[in-house]
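Asker: sequence unavailable; structure follows:
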Ligand code: HEM
């Protein structure tokens, strides 16, 4: 019995020492010990990664507008005019701009994902290079699409 | 409380053999969406502000109608697969997770079918 109590006390003491050491390490280490998002330093790689998910969700939320547009074409007349009015409004253009940029970003970064899936581009340098390429390509594609839209102005 | 480790519980059962299928279709739809999405966005950009008759004429071309049907079908299939993973990652209450997944799947199928019916109606000239 006494032996058991002794062992128990010893274990407690060891745990306490262990905790103390751990607190000291936590206090003196600059970096977080595990990637808690709240304290993890933002990096291009992690930002692009979460943006892929963010744009995927945003694009999904935009799909009802796609169906609304198709419906308005089928309905014609005042319904088509109303849809044109909405998409042509400031808010409509803003939403469409955001949706098109999200699509181009997600598309370009999706290609990056597919490249990873076949086993390529995992070294740090390439990950950053393809990351910047995705940002540049999606911006260029968005600008080209909007210049095309304003240039043709529905004239096709 | 069971003393068995989670690993011990599942060992020998094998995977549900579902994950690969899900993963694979996410990639297949992603590849199909590269040309489809580019085609769609640039077409709609060119049509922005167009008169109704012009859009009708465009949608009545068989190739356009076919591409539109493919685009909406693949988009909803891909979006639904992707959103499933997002829900599974963030919703941990069992019943709520299943409710969200059910709502997601039903909404995706509904919107996709509505879109396809509209495209066919316009293409065949049988709309309202
Ligand atoms: C309107 C069109 C689209 C919608 C609504 C959409 C939606 C989504 C969603 C919700 C996800 C899940 C995100 C996650 O789990 O973090 C996803 C993942 C993915 N998307 Fe899309 N997407 C679209 C277009 C595209 C296109 C054009 C590509 C072209 C390559 C693409 C490639 C991918 C890939 C590769 C993944 C998997 C990423 C991973 O494993 O984390 N998507 N998409």
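Answerer: Yes, it's here. Quick caveat, the model's predicted, so the values are computed rather than measured.
Asker: confidence score at the residue nearest to the spatial centre of chain A?
Answerer: Geometric centre of chain A, nearest residue: residue A:51, 1.3 Å, by CA atoms, centre = their mean. Residue A:51 carries a pLDDT value of 97.
Asker: wait, it sits on residue A:110?
Answerer: No: checked against CB atoms under 8 Å, the pair residue A:51 and residue A:110 is beyond contact range at 11.7 Å. C-beta coordinates here come from the backbone N, C-alpha and C atoms, glycine included.
Asker: got the residues of chain A near the ligand?
Answerer: Contact residues (CB under 6 Å from any ligand atom) of chain A with the ligand: A:52-53, A:56-57, A:59-60, A:103, A:106-107, A:110-111, A:113-114.
Asker: mind redoing it with 8 Å?
Answerer: By the rule CB under 8 Å from any ligand atom, the part of chain A lying against the ligand is A:49, A:52-53, A:55-57, A:59-60, A:62-63, A:66, A:103, A:106-111, A:113-114, A:117.
Asker: just give the closest residue to residue A:58, not the sequence neighbours.
Answerer: In this structure, residue A:58 finds its nearest non-sequential neighbour in residue A:102, 5.0 Å apart by CB to CB, 6 or more residues apart in numbering or on different chains.
Asker: next one: residue A:96
Answerer: Nearest one to residue A:96, counting by CB to CB, 6+ apart, is residue A:87 at 6.3 Å.
Asker: how many neighbouring residues does residue A:102 have?
Answerer: As a burial measure, residue A:102 scores 21 neighbours (other CB atoms under 10 Å in any protein chain shown).
Asker: SS state for it?
Answerer: In three-state terms, and counting by DSSP: H, G, I helix; E, B strand; the rest coil, residue A:102 is helix.
Asker: just checking, it touches residue A:59?
Answerer: Yes: Residue A:102 is in contact with residue A:59 according to CB under 8 Å; the separation is 5.5 Å.
Asker: ok, now which ones touch residue A:41?
Answerer: If a contact means CB atoms under 8 Å, 6 or more residues apart in numbering or on different chains, then residue A:41 has no contacts.
Asker: for it, which three-state class applies?
Answerer: Using three-state DSSP, the structure places residue A:41 in coil.
Asker: what residues does chain B have near chain A?
Answerer: Within reach of chain A by CB under 8 Å from any CB of the partner chain, chain B has these residues: B:27, B:30-31, B:33-34, B:37-38, B:41-42, B:44-52, B:54-56, B:58-59, B:68, B:72, B:75-76, B:79, B:82-83, B:86, B:111, B:114-115, B:118-119, B:121-122, B:127-128.
Asker: filter those down to the buried ones.
Answerer: B:27, B:30, B:33, B:37, B:41, B:44-48, B:50, B:52, B:55-56, B:58-59, B:68, B:72, B:75-76, B:79, B:82-83, B:111, B:115, B:118-119, B:121-122, B:127 (16 or more other CB atoms under 10 Å in any protein chain shown).
Asker: and the ligand, which of the residues you listed reach it?
Answerer: Among these, the residues lying close to the ligand (CB under 8 Å from any ligand atom) are B:27, B:30, B:33, B:37, B:75, B:79, B:82, B:83.
Asker: could you say which helix or strand holds the first one?
Answerer: Okay, so that is residue B:27. Using DSSP states H and E, residue B:27 falls within helix B:19-47.
Asker: from the centroid of chain B, which residue is nearest?
Answerer: Nearest residue to the geometric centre of chain B (CA atoms, centre = their mean): residue B:76, 1.7 Å.
Asker: just give the nearest non-adjacent residue to it, would you?
Answerer: Residue B:76 sits nearest to residue B:112 (CB to CB, 6+ apart), 3.9 Å away.
Asker: so what's the residue count around that neighbour?
Answerer: Neighbour tally, residue B:112, other CB under 10 Å: 21.
Asker: coming back round to it: tell me the spacing between the residue nearest to the centre of chain A and chain B.
Answerer: Going from residue A:51 to chain B by CB to the nearest CB, to the nearest Å gives 14 Å.
Asker: list the contacts of that residue.
Answerer: By CB under 8 Å, 6+ apart, the residues touching residue A:51 are A:105, A:109.
Asker: now do the contacts for residue B:18.
Answerer: With CB under 8 Å, 6+ apart, residue B:18 has no contacts at all.
Asker: pLDDT score assigned to it?
Answerer: For residue B:18, the model assigns a pLDDT of 79.
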